[in-house]
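Chemist: fold the following and give me the result.
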Amino acid sequence: MKVDTKLILILFCLITVPLGTALVLTHKGHVELVELFLSVSVIASFMLLKPLAGLMANVIFMRDIKAMNRFCLQVKQGEYNAAWPLPDEQEDEHELLQLKRNLFWMVHAIASREDWLQSRLSETSESMARFERLSYIDGLTGIYNRRFFDERLLELAGEAVGKGESIYLMLLDCDEFKAVNDVYGHQSGDALLVRLAGILQRFTRDGVDYPFRYGGDEFGVIFTCMEQDAVLRVTERIRERFHDVRIGEASLSIGVGRFEAASDVAMGVEGLKKRVDLAVYAAKNGGKDRVVLARESAFTREDRNAQRPVTSFSPRVLVGNG
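Modeler: Below you'll find the predicted structure:
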């Protein structure tokens, strides 16, 4: 019902009906009744003024405004599917009905826009996650790259210090790799690196150990939650398995070392890299195709107090057939 129609009905009941009643009584000569009726009407008008004003306001527009307010609260709480029944659109609609219709379509537009934004945000998040993963993956071999190694080793070292756990670093260098490229071609060299990466993935635990390509023909693995003897057994299996798939006289010189808890985690990580790298060179200088364990650093009481590690390296050959 239109607002003006509601207002006409209310005014008719409040004004026209009483006046008409008084006129009829006057016409019939009931003067005393007319006086009584008018007196009662005046008193009733004073008594019912506020309730009638509230009733008129509610009937005319407050009920619609309250409904719109509830609708807006629902939208505020994220209920974009909230709605109310609307009649078919007419040319001479009153302002409140037009406001209802406009609110509904506005919320519909907001909901559609939010769905689109959520979809775009999800696509962007997926793309960022994909690019982030790609930034940590070596393009040739499909295993982790050096960037991942540098970041993850530092994170794991910090966790190891806090939990009192051990982590081991294995670095390896492919012996005679240049000869493979020179004799068999670079495609064969690439194929050999891919095979080596596959071996590292096969002999490591997904999500627990982290095989990576350090650069060129240098690879490595971060071992976690594993004792030294187990690490060395896995390392030896990697070396032996590589013999089955190698090209030419290629072999592996491998260094292994344990991260030592230090007050400066970054310094401890750098020390670990240097010690294991020296162990790889020791394996090469010792005849290649072997595993060398890097001896742990020695810390004096004074050095611990000063928070300065003093590295004392002395590799010992553990495994080899050279």
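Chemist: list the residues that contact residue 164.
Modeler: Counting by CB atoms under 8 Å, 6 or more residues apart in numbering, residue 164 touches residue 261. Any C-beta I mention is one placed from the backbone N, CA and C, and that applies to glycine too.
Chemist: tell me the confidence at it?
Modeler: On the pLDDT scale, residue 164 is placed at 81.
Chemist: mind checking how far it is from residue 261?
Modeler: Distance of residue 164 to residue 261, computed by CB to CB, to the nearest Å: 8 Å.
Chemist: now swap in residue 208 and tell me
Modeler: Residue 208 is 20 Å from residue 261, by CB to CB.
Chemist: those two - which one has more neighbours?
Modeler: Between residue 208 and residue 261, counted using other CB atoms under 10 Å, the more crowded position is residue 261 (14 against 11).
Chemist: quick one: residues contacting the residue nearest to the more buried one when sequence neighbours are not counted.
Modeler: Distance criterion CB to CB, 6 or more residues apart in numbering; nearest residue to residue 261, sequence neighbours excluded, is residue 161 at 5.0 Å. By CB under 8 Å, 6+ apart, the contact set of residue 161 is 261-262, 265.
Chemist: how many neighbours does the residue nearest to residue 269 when sequence neighbours are not counted have?
Modeler: Excluding the flanking residues, the one nearest residue 269 by CB to CB, 6+ apart is residue 157, at 5.0 Å. Residues near residue 157, counting by other CB under 10 Å, number 22.
Chemist: please apply the same query to residue 234.
Modeler: 21.
Chemist: please apply the same query to the one 5 residues further on.
Modeler: Residue 239 has 22 neighbours, counted by other CB under 10 Å.
Chemist: now do residue 96
Modeler: So residue 96, with other CB under 10 Å, has 17 neighbours.
Chemist: do you know the pLDDT at it?
Modeler: So residue 96 comes in at 70 (pLDDT).
Chemist: spell out which helix or strand contains it, please.
Modeler: Per DSSP states H and E, residue 96 falls inside helix 95-135.
Chemist: do residue 65 as well
Modeler: According to DSSP H and E, residue 65 maps onto helix 63-76.
Chemist: returning to that earlier point: tell me the contacts of the residue nearest to residue 269?
Modeler: 167, 259, 265, 268-269, 272.
Chemist: out of these, which sit inside helices?
Modeler: 265, 268-269, 272 (DSSP state H).
Chemist: export the residues you listed to TSV and tack on pLDDT, distance to residue 285 and neighbour count?
Modeler: TSV is the format used below for the ones in helices among the contacts of residue 157 (pLDDT from 0 to 100; distance: CB to CB, whole Å; neighbours: other CB atoms under 10 Å):
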residue	pLDDT	distance to residue 285	neighbour count
265	91	30	19
268	91	26	21
269	93	25	21
272	94	20	25
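Chemist: mind putting those into CSV with distance to residue 124?
Modeler: Shown next, in CSV, are the ones in helices among the contacts of residue 157 (distance: CB to CB, whole Å):
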residue, distance to residue 124
265, 34
268, 38
269, 33
272, 38
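Chemist: quick revisit: helix, strand or coil for the residue nearest to residue 261?
Modeler: At residue 161 the chain is in helix, as set by DSSP: H, G, I helix; E, B strand; the rest coil.
Chemist: how close does it get to residue 238?
Modeler: 27 Å.
Chemist: same deal with residue 101?
Modeler: Shown here: residue 101 relative to residue 238, a distance of 72 Å by CB to CB.
Chemist: those two: who's more crowded?
Modeler: More neighbours surround residue 238 than the other of residue 101 and residue 238, with 23 against 14 (other CB under 10 Å).
Chemist: was I right to think the more buried one contacts residue 251?
Modeler: No: taking contacts as CB atoms under 8 Å, residue 238 lies outside contact range of residue 251: 11.6 Å.
Chemist: which neighbours do those two share?
Modeler: Counting by CB under 8 Å, 6+ apart, residue 238 and residue 251 have no shared contacts at all.
Chemist: what is the burial count for residue 279?
Modeler: 28.
Chemist: tell me the secondary structure at it.
Modeler: Classified using three-state DSSP, residue 279 is helix.
Chemist: was I right about it contacting residue 290?
Modeler: No: look at residue 279 against residue 290 with CB under 8 Å: they stay out of range, at 10.3 Å.
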